[in-house]
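Trainee: how would this look folded up:
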Amino acid sequence: MDSPSARSLAMLSLLQSGREWNLRELAGRLQVSERTVRRDARRLRDLGYDVQSRPGPGAGYQLQPSMKIPPLLFSPDEISTIVTGLLVLGAWSPDDPSVNAARLKLEQVLPPGLRQRAVATALSTQILQEKPAPLDWTRIGTLAEAVASGSRIAFDYTDQNGRETHRIVEPYRHILRQRLWYVIAYDVDRDDWRLFRLDRMQAIHPIPGHYRHHEFPYDSVGDWLASNFGESAFSNDESGRASRGEQ
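Mentor: Model (predicted):
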């Protein structure tokens, strides 16, 4: 590594995976001595990162969550990536204040050099692509927490024919396709995997409790969408209702 700062950034990236790294692994990945790894771990602690170490022959290091906000050790290219991503989201949802607020908060906590890169990226970037339907971040948060905890959600749904139903599902993923946001979920009452348009879901709320988890039937969402099962969710049958989809 060229400098202590570069080594610290590389070490932090490894530790942020959440796993424990032994001393020899870190030294090999960073191409430095074990003594240097110990020194860089102390440097990260001095910066405010809670790096825990396990002593002994198989000494290990692991990053623990911390309430203290240390300096953000992003590279300039990583900052450009983050800011550009926020600009894309802002172009898609121009009336949503959360995107601009997130970018401004990020700039406020960056050191001067990275802040300059963030401002320059925002100034020089303009998103012209056709935007999808607006995204409700509150709904996304509820869905994300349900997916992460393996819990269920309930909601009221209006399909493309105006029919209203109450659904209980196990959400798996929300996806963007053809400018619309969809939710892939296991429908408990219908004992099947279904696709729901996010903008047609109302009164979304989590259901407390623990339930038997249903495994997604394909290796990836892309495989499912490419299958007849997935494609049929986007096409109408003769009755005008979506087959296995809830459009």
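
Trainee: ok, and what's touching the longest strand along the chain?
Mentor: Among the segments of the chain that qualify as a strand by DSSP state E, the longest is strand 164-177. Here strand 164-177 makes contact (Cβ atoms under 8 Å, 6 or more residues apart in numbering) with 132, 140, 143, 146-147, 150-159, 181-189, 193-194, 196, 198, 207, 211, 213-214, 216, 221, 225, 234, 246. For the C-beta atoms, the positions are set from N, CA and C on the backbone; glycine is no exception.

Trainee: Now it: average pLDDT?
Mentor: The average pLDDT within strand 164-177 is 91.

Trainee: Mind listing what's buried along it?
Mentor: For strand 164-177, a neighbour-count test (16 or more other Cβ atoms under 10 Å) marks 167-172, 174 as buried.

Trainee: So in terms of bridging, what pairs with Pro206?
Mentor: Pro206 has these beta-bridge partners by DSSP bridges: Ile153.

Trainee: doesn't Ala148 make contact with it?
Mentor: No - with contact defined as Cβ atoms under 8 Å, Pro206 does not reach Ala148; the gap is 11.3 Å.

Trainee: between those two, who's got more neighbours?
Mentor: Taking other Cβ atoms under 10 Å, Pro206 and Ala148 do not tie; Pro206 has more neighbours (15 against 8).

Trainee: how much space between the more buried one and Leu86?
Mentor: As judged by Cβ to Cβ, to the nearest Å, Pro206 and Leu86 stand 27 Å apart.

Trainee: Show me which pair in the buried residues of strand 164-177 is furthest apart.
Mentor: Using Cβ to Cβ, the buried residues of strand 164-177 span at most 17.1 Å, a distance reached by Ile168 and His174.

Trainee: Tell me where the protein has strands.
Mentor: For the chain, the strands defined by DSSP E cover 21-22, 50-54, 60-64, 152-158, 164-177, 180-187, 192-197, 201-207, 245-246.

Trainee: Among those, show the one with the smallest mean pLDDT.
Mentor: When those are compared by mean pLDDT, strand 245-246 comes last with a mean of 60.

Trainee: per-domain residue ranges of this protein.
Mentor: 4-64, 76-124, 137-246 (automatic domain parsing).
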